[in-house]
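[1] whatever this is, show me its structure:
(2 chains)
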Amino acid sequence: QQPVQSPQAVILREGEDAVINCSSSKALYSVHWYRQKHGEAPVFLMILLKGGEQMRHEKISASFNEKKQQSSLYLTASQLSYSGTYFCGTEILGGTSYGKLTFGQGTILTVHP
Amino acid sequence: DAGVIQSPRHEVTEMGQEVTLRCKPISGHDYLFWYRQTMMRGLELLIYFNNNVPIDDSGMPEDRFSAKMPNASFSTLKIQPSEPRDSAVYFCASSHGNQPQHFGDGTRLSIL
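    Predicted structure coming up:
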């Protein structure tokens, strides 16, 4: 099943913070976060693994709550360059799905000056 | 290092024609993925390969779609016959194990 992202869209002023959530109905091994700018390919941001630590990429960080099968992406002091669509990709724990990601529907982030 | 290379970047063709999309993964990557992206359905996994062997093709829409990976450095996605509803951006991605997937620039396909 496709993970559910919230919110669907968020509009910020430069310097403001935002949180994007990703929730799955299945037990997860990992959560991957990607950002896609209009007309471009998705670009990898970070991976969160089961049992792993919170990750950080510049002023973007993320957490993974294994018990709740949820991950959150935190964007701090947003910059214009943060604008784009953010996707979470989930890898299910166990089974034969090693390496396979199912992507959420995306969250559109717009940062204004 | 070269990233994932897809060709063509754009394809416009008429309904009923055969379409072939090509992908060269990053050298050393053992997983290759084909995705389709549309506004309505988002980013969908069509099929993926491990060491050139198809692992999961449950996302392939129907028999009109087929994918091959004859060697570690080349894969094709073929649509025959094509239909207007196949219009989308098709991405190829590769990875080493369950490490980050690296996406190609995509093929923007329009079926008239």
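
[2] list the beta-bridge partners for the nearest residue to residue B:66 once chain neighbours are set aside.
    Nearest residue to residue B:66 in three dimensions, chain neighbours excluded: residue B:78, at 5.0 Å (Cβ to Cβ, 6 or more residues apart in numbering or on different chains). In this view, the C-beta of every residue, glycine as well, is placed from N, C-alpha and C. Note on residue B:78: beta-bridge partners by DSSP bridges are residue B:20, residue B:66.

[3] which ones are touching residue B:78?
    Residues counted as contacts of residue B:78 (Cβ atoms under 8 Å, 6 or more residues apart in numbering or on different chains) are B:18-21, B:65-68.

[4] filter these to the buried ones?
    Buried residues within these, defined by neighbour count using 16 or more other Cβ atoms under 10 Å in any protein chain shown: B:19, B:21, B:65, B:67.

[5] ok so, going back, tell me, what's the model's pLDDT at the residue nearest to residue B:66?
    Per-residue pLDDT puts residue B:78 at 98.

[6] quick check: the gap between it and residue B:90.
    Going from residue B:78 to residue B:90 by Cβ to Cβ, to the nearest Å gives 11 Å.

[7] where's the residue lying closest to residue A:68 once chain neighbours are set aside relative to residue B:98, distance?
    Closest residue in space to residue A:68, ignoring its immediate chain neighbours: residue A:23 at 7.6 Å, by Cβ to Cβ, 6+ apart. Look at residue A:23 and residue B:98: by Cβ to Cβ, they are 20 Å apart.

[8] again with residue B:74
    The value you get for residue B:74 to residue B:98, if Cβ to Cβ is used, is 23 Å.

[9] between those two, tell me which one has more neighbours.
    Taking neighbours as other Cβ atoms under 10 Å in any protein chain shown, residue B:74 and residue B:98 compare with residue B:98 leading, 18 against 14.

[10] enumerate every residue touching the closest residue to that one other than its chain neighbours.
    Spatial nearest neighbour of residue B:98, chain neighbours left out: residue A:99 (4.5 Å); criterion: Cβ to Cβ, 6+ apart. Residue A:99 makes contacts with A:91, B:31, B:48, B:50, B:95, B:97-98, as judged by Cβ under 8 Å, 6+ apart.

[11] re the thing from before, and the residue nearest to residue A:68, how many neighbours?
    17.

[12] so how many other residues sit close to residue 89?
    With no chain named, the answer covers chain A. By other Cβ under 10 Å, the residues close to residue A:89 number 23.

[13] other chain: chain B
    Residue B:89 has 17 neighbouring residues, counting by other Cβ under 10 Å.

[14] wait, isn't it in contact with residue B:36?
    Yes - assessed by Cβ atoms under 8 Å, residue B:89 is found in contact with residue B:36 at 7.4 Å.

[15] can you pull the contacts of residue 94?
    Reading this off chain A. A:27, A:29.

[16] oops, chain B please
    B:4, B:25-26, B:29, B:31-33, B:101-102.

[17] cross the residues you listed against strands and list the overlap.
    Among those, the ones falling in strands (DSSP state E) are B:31-33, B:102.

[18] among those residues, which one has the most neighbours?
    Top of the ones in strands among the contacts of residue B:94 by neighbour count (other Cβ under 10 Å): residue B:32, with 29 neighbours.

[19] that'll do, ta.
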